[in-house]
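Colleague: this one's sequence-less:
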């Protein structure tokens, strides 16, 4: 699991003592076991898509039929882009799947990542 501790004055440190400006920045880092993304472009928008994917993947086996339909309706993007999210989250260890990546469920690490992504994004000063 990605470990972090808050730093007085802002930011977080990972398990190796490396400082990151936010928990989201830590999730993007390859050094901390995250996604391995740089911070240029608009990573917050893409992380929002990852958050939406993880939220619709957070289901229990008992609710599979209803959640699968909800998940497909909630995707609101083309299926190739949605499948890319499935592969990215699977490769990060945030989801686990049985016979198909499309039937994935969240791992403990995925629930942790989702809790970070559900935190409000701080506004730029």
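Modeller: Arrived safely, thanks for sending. What you see is a predicted model; the values in this text were computed from it and never measured.
Colleague: any idea how far apart the tips of stretch 26-44 sit?
Modeller: The straight-line separation of the ends of stretch 26-44 (CA to CA, to the nearest Å) is 12 Å.
Colleague: to clarify, my last question referred to stretch 37-50.
Modeller: 13 Å.
Colleague: neighbouring contacts of it?
Modeller: For stretch 37-50, contacts defined as CB atoms under 8 Å, 6 or more residues apart in numbering pick out 24-25, 27-30, 77, 85, 88-89, 113, 117, 121. Bear in mind the C-beta positions are built from the backbone N, C-alpha and C, glycine included.
Colleague: and the helices in this structure?
Modeller: Secondary structure of the chain (DSSP state H): helices at 23-28, 43-57, 64-74, 79-91, 108-117.
Colleague: figure out which of the ones you listed is closest to residue 36.
Modeller: helix 23-28 (7.7 Å; CB to CB).
Colleague: which of the helices of the chain comes out lowest on mean pLDDT?
Modeller: Mean pLDDT values for the helices of the chain show the minimum at helix 64-74, a mean of 62.
Colleague: number of nearby residues for residue 4?
Modeller: Residue 4 has 20 neighbours, counted by other CB atoms under 10 Å.
Colleague: so what's the residue lying closest to it once chain neighbours are set aside up against?
Modeller: Closest residue in space to residue 4, ignoring its immediate chain neighbours: residue 12 at 4.2 Å, by CB to CB, 6 or more residues apart in numbering. Residue 12 makes contacts with 4, 5, 6, 19, 20, 22, 23, 26, as judged by CB under 8 Å, 6+ apart.
Colleague: nice, that's everything, thank you.
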